[in-house]
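sequence plus predicted model, see below.
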Amino acid sequence: MAVTLYWMQAGGCSGDSMSLLNANSPDLLEILQELDVDLLWHSSLSVANRTSQRALLERLQSGEQRLDVLCVEGAVIRGPGGTGMYDTLHGQAKKNLIWALAHKAKHVIAIGTCASHGGISARGDVEGTGLQYHGRKRGGFLGEDFVAGCGLPVVNLPGCPVHPSVVTQALSAVVHGATLDLDAWQAPTAWYGTTVHQGCTRNEYHEYRVEEREFGEKGCMFFHMGCNGPLVRGPCNKLLWNGRSSKTRVGVPCFGCTDPDFPKSFPFFQTRNIEGLPIDLPDGINRAHYLAYKGMAAAAAPERLKGRESNI
Ligand code: SF4
């Protein structure tokens, strides 16, 4: 029996869907076919007239149409004044549809940082929130105790946008009944169990504190250029974008887009420092020890690195 999937776009930019269209080996159509997924609806990709789309929603809400997987992309918009009428479908607040469908679905997946934690959509006046988190606080729209029909809470796949392979591989796991090991933010450890820093090709520069201060220099971007690589967990540098590269590999700092607090209120491309040492250090690091270690490491840096003779 085919697995039924409904993809709801809520308060977001549709960037996760655009990212998903870049999936390759397999691409989106291949994965749907391979997994025998019946895509009931995708807000950007499906075509249906208003009447049949409404009828589908009614059948889903009544239970006449089985719903195996609900994917929600974008934050749940609750404004103005808790009505949700800033974001509607067929005259109904989408938040009410999301609530109804989430309570019918076997699996609920939050696609991207806005759906997972609220993201940029929670920063304005639209009362946006994530499905089961608001920033770092558990609860969000569906509440702390929500579990889908399978007994699991919302599975969060943060990223701005989320990497397409994370979505296709998570779908594959869900369809095959594989157990997804979730971290403290309900994100699968398979893709969110390592930092972006692990796997960055600039690691040797980081190790010896060879710092980049201007774009285009070769060096680590943690100390001055705002790189969040050692601070956040996510699949970048483990899964390359377009199968080729990543931000940090081409000299753009990691913005920390998978982080529950993304986006932070201070500027990108700039590290907040005290005495040349970043204010935000990786979890569990003793500041004094780190300062001493990085001082010694910089003194020990090989000439090859100081001269930026690497290809990276
Ligand atoms: S550029 Fe960022 S991710 Fe790469 S080594 Fe430096 S801190 Fe780590």
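Ah, there it is. Worth saying up front: this structure is predicted, and the values here are computed from it rather than measured. Numbering: from 1, shown residues only.

Gly143: what's its closest spatial neighbour, skipping adjacent residues?
Computed as C-beta to C-beta, 6 or more residues apart in numbering, the closest residue to Gly143 that is not its neighbour in sequence is Gln132, at 7.5 Å. No exception for glycine: its C-beta is placed from N, CA and C like everyone else's.

the one you found - how many residues pack around it?
Gln132 has 27 neighbours, counted by other C-beta atoms under 10 Å.

do you know the pLDDT at it?
In this model, Gln132 is scored at 98, pLDDT.

tell me the contacts of it?
Counting by C-beta atoms under 8 Å, 6 or more residues apart in numbering, Gln132 touches 110, 138-144, 146, 153-154, 156, 186.

do Trp41 as well
Trp41 sits next to 6-8, 48, 53, 56 when contact means C-beta under 8 Å, 6+ apart.

could you redo the last one with a cut-off of 7 Å?
6-7, 53, 56 (C-beta atoms under 7 Å, 6 or more residues apart in numbering).

how about the residue of the chain found nearest the ligand, nearest residue that isn't a chain neighbour?
Relative to the ligand, the nearest point of the chain is Gly229 (2.4 Å; C-beta to the nearest ligand atom). Closest residue to Gly229 in three dimensions, ignoring its sequence neighbours and counting by C-beta to C-beta, 6+ apart: His197, at 3.7 Å.

give me the phi and psi for the one you found.
With angles defined as degrees, to the nearest 10, His197 sits at phi -60, psi -40.

and it, how many neighbours does it have?
Neighbour count for His197, taken as other C-beta under 10 Å: 23.

near the ligand, which residues of the stretch 101-250 of the chain?
196-197, 200, 202-203, 206, 220-222, 227, 229-230, 248 (C-beta under 6 Å from any ligand atom).

circling back to that earlier point, and the contacts of Trp41, which is the shakiest by pLDDT?
Ranked by pLDDT, the contacts of Trp41 bottom out at Gln53 (93).

helix/strand/coil for the closest residue to that one other than its chain neighbours?
Nearest residue to Gln53, sequence neighbours excluded (C-beta to C-beta, 6+ apart): Trp41, at 7.0 Å. Put simply, Trp41 is strand when judged by DSSP: H, G, I helix; E, B strand; the rest coil.

let's see the pLDDT reported for Trp41.
So Trp41 comes in at 96 (pLDDT).

the residue of the chain closest to the ligand: what's it in contact with?
So Gly229 contacts 195-197, 200, 222, 248, 254 (C-beta under 7 Å, 6+ apart).

with Arg54 instead?
His90.

that one - that's part of a strand, no?
No. Membership of Arg54 in a strand is not supported by three-state DSSP, which gives helix.

what does the pLDDT read for it?
What the model reports for Arg54 is a pLDDT of 95.

try Asp27
94.

just to check, Ser116 is in contact with Pro158?
Yes. The pair Ser116 and Pro158 passes the contact test of C-beta atoms under 7 Å, sitting 4.3 Å apart.

now the helices for the stretch 1-150 of the chain?
15-20, 28-34, 50-62, 94-102, 112-117 (DSSP state H, counting those that start in this stretch).

just name the most buried of those helices.
Ranked by mean neighbour count, those are led by helix 112-117 with a mean of 33 (mean count of other C-beta atoms under 10 Å).

distance of Gly124 relative to His176?
The gap separating Gly124 from His176 is 39 Å, by C-beta to C-beta, to the nearest Å.

so these two - more neighbours on which side?
More crowded of Gly124 and His176, by other C-beta under 10 Å: Gly124, with 13 against 9.

run through the residues that contact that one.
With contacts defined as C-beta under 7 Å, 6+ apart, Gly124 has no neighbours.
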